[in-house]
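Novice: build me a structure from this.
(one chain, ligands or ions: 1)
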Amino acid sequence: MRYCLLCPAIKLDKGYRALVDPEDYVTLNRTGWKVKRSKHGLYAIKYYSDKGHRKGMYLSRRIKGTEKDLIEHHRNGYTMDYRKENLQTMWPKDHQVEHQRKRISGIIGGKARLRDQRI
Ligand SMILES: [Zn+2]
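Specialist: Numbering: from 1, shown residues only. You can find the predicted model right below:
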């Protein structure tokens, strides 16, 4: 399922693709993006070495230039959708509340639906 037919998608490993805005595709469509599964869902990440330590840069944070105390929320619940209109910078506490609210109202599960993430 694709949410934006005209949006370009960066290829990750394991057959996943991350939707991005055209301007981000130009600068970020290089190899090395991988899919990471966490308890909250699937995320696009690139690993790099910092003084011998393996670190990860999330695609959402790369796109938005997110400050370290803040996080990026995927508004529509699809964590493979990295269009800027779908990313919302939030404080962790507000983010938690947002997901609880959605879980209660049943719009989208608080946990991203893994099955629907392959685009
Ligand atoms: Zn979220």
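
Novice: tally of neighbours for Tyr82?
Specialist: 28 (other C-beta atoms under 10 Å). Where C-beta positions appear, they are placed from N, C-alpha and C, glycine not excepted.

Novice: so it sits right up against Ala44, yeah?
Specialist: Yes: here Tyr82 lies in contact with Ala44, judged by C-beta atoms under 8 Å, at a distance of 6.8 Å.

Novice: check which helices and strands the one helix or strand Arg54 maps to sits against.
Specialist: Here Arg54 is covered by strand 53-58, with elements defined by DSSP states H and E. When contacts are defined as 3 or more C-beta pairs under 8 Å, 6 or more residues apart in numbering; DSSP states H and E, strand 53-58 sits against strand 41-50.

Novice: and Glu67, which of the three is it?
Specialist: Put simply, Glu67 is coil when judged by DSSP: H, G, I helix; E, B strand; the rest coil.

Novice: return the helix or strand that the strand holding Arg54 is followed by as CSV; C-alpha atoms alone will do.
Specialist: With elements assigned by DSSP H and E, the helix or strand that comes after strand 53-58 is helix 59-64. Extracted C-alpha coordinates of helix 59-64, given in CSV (Å, rounded to 0.1, in the frame of the first residue of the first chain):
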residue,chain,number,x,y,z
LEU,A,59,15.6,9.1,8.8
SER,A,60,12.9,11.2,10.5
ARG,A,61,15.5,13.0,12.6
ARG,A,62,17.8,13.5,9.6
ILE,A,63,14.9,15.0,7.6
LYS,A,64,13.7,17.3,10.3
